[in-house]
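Undergrad: Build the 3D model from these lines:
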Amino acid sequence: MSISSGPILDDRVNSIIDRLEASRRRPTNDGPMASGEIDPYLYADYGFSIQPAQGDLIYLLCRSIGAKRVVEFATSVAMSTLYFAAAVRDNGGGIVIGSEIVPAKIATAKRNLTDAGLAELVDIREGDARVTLRDLGGPVDFVLIDGWPTEDESSLAMQVMKVVAPQIRPGGLVMNDNGEKDYLAFVRNPANGFRSISLPLKGSTELSVKVG
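TA: Numbering: from 1, shown residues only. I've put the predicted structure just below:
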């Protein structure tokens, strides 16, 4: 086994992560948030994924809390899923529940997970996360909310958070990648049962723990 610069020691998993990172690119319109073209099907060939530093943190946090049941919105091409599934496997087994609305991305994600040897740990649910994540089958340990811009007054991140928050166990963690204003207002209000901090990763990454 080669010496890894990150916390995952599985060369097979790291090779897929490296491949996805090397192929990372932006669309010609610079993406939905910059262009206003928010139809997710227009970006079937692009993985708007977390960065490796965020993934390394996800892996370490999942290991530290012994995470067995984790959830992510959205799966995209499975960059974040690889970190979650590796952690769950290394914790002794469990399930990663993902949600993705674009079928082409689900197909790509499944290929990447199969190549990494992690496919059996992952349940990718096709469709709108506000529907597919309503029943997670029990309390969950960690959630990634990596939202998509919408024309609604309420951000999609916040709408999904309202669905999954009651299903997070006390002491469970939530990471948010895009810092939507209404989402931040929610997790930073102690009345909603979370304590939260902004981390200097990918511009800003919000990490919250459910305390109530």
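Undergrad: Count the neighbours of A191 for me.
TA: Number of residues near A191 (other Cβ atoms under 10 Å) recorded here: 7. Every residue, glycine included, has its C-beta placed from N, CA and C.
Undergrad: And G137, by the same measure?
TA: 10.
Undergrad: longest strand of this structure?
TA: strand 168-176 (DSSP state E).
Undergrad: and the following helix or strand past it, what does it pack onto?
TA: Moving toward the C-terminus from strand 168-176, the next helix or strand (DSSP states H and E) is helix 181-187. Packing partners of helix 181-187 (3 or more Cβ pairs under 8 Å, 6 or more residues apart in numbering; DSSP states H and E): helix 156-164, strand 168-176, strand 194-199, strand 205-210.
Undergrad: CA-only coordinates of helix 181-187, as PDB, when you get a sec.
TA: Taking C-alpha atoms only, helix 181-187 is exported to PDB below (Å, rounded to 0.1, in the frame of the first residue of the first chain):
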ATOM      1  CA  LYS A 181     -28.700  32.700   3.400                       C
ATOM      2  CA  ASP A 182     -31.900  31.100   4.600                       C
ATOM      3  CA  TYR A 183     -30.100  27.800   5.400                       C
ATOM      4  CA  LEU A 184     -27.400  29.700   7.400                       C
ATOM      5  CA  ALA A 185     -30.000  31.600   9.300                       C
ATOM      6  CA  PHE A 186     -31.700  28.300  10.200                       C
ATOM      7  CA  VAL A 187     -28.700  26.400  11.500                       C
END
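Undergrad: Just the buried positions in it, please.
TA: 183-184, 186-187 (16 or more other Cβ atoms under 10 Å).
Undergrad: Can you give me the separation between E180 and A74?
TA: Taking Cβ to Cβ, to the nearest Å as the measure, E180 falls 14 Å from A74.
Undergrad: again with Y59
TA: Y59 is 19 Å from A74, by Cβ to Cβ.
Undergrad: next structured bit after the helix or strand of the chain with the lowest mean pLDDT?
TA: For the chain, using mean pLDDT, DSSP states H and E, the weakest element among its helices and strands is helix 32-35, scoring a mean of 84. Next helix or strand after helix 32-35 toward the C-terminus (DSSP H and E): helix 52-64.
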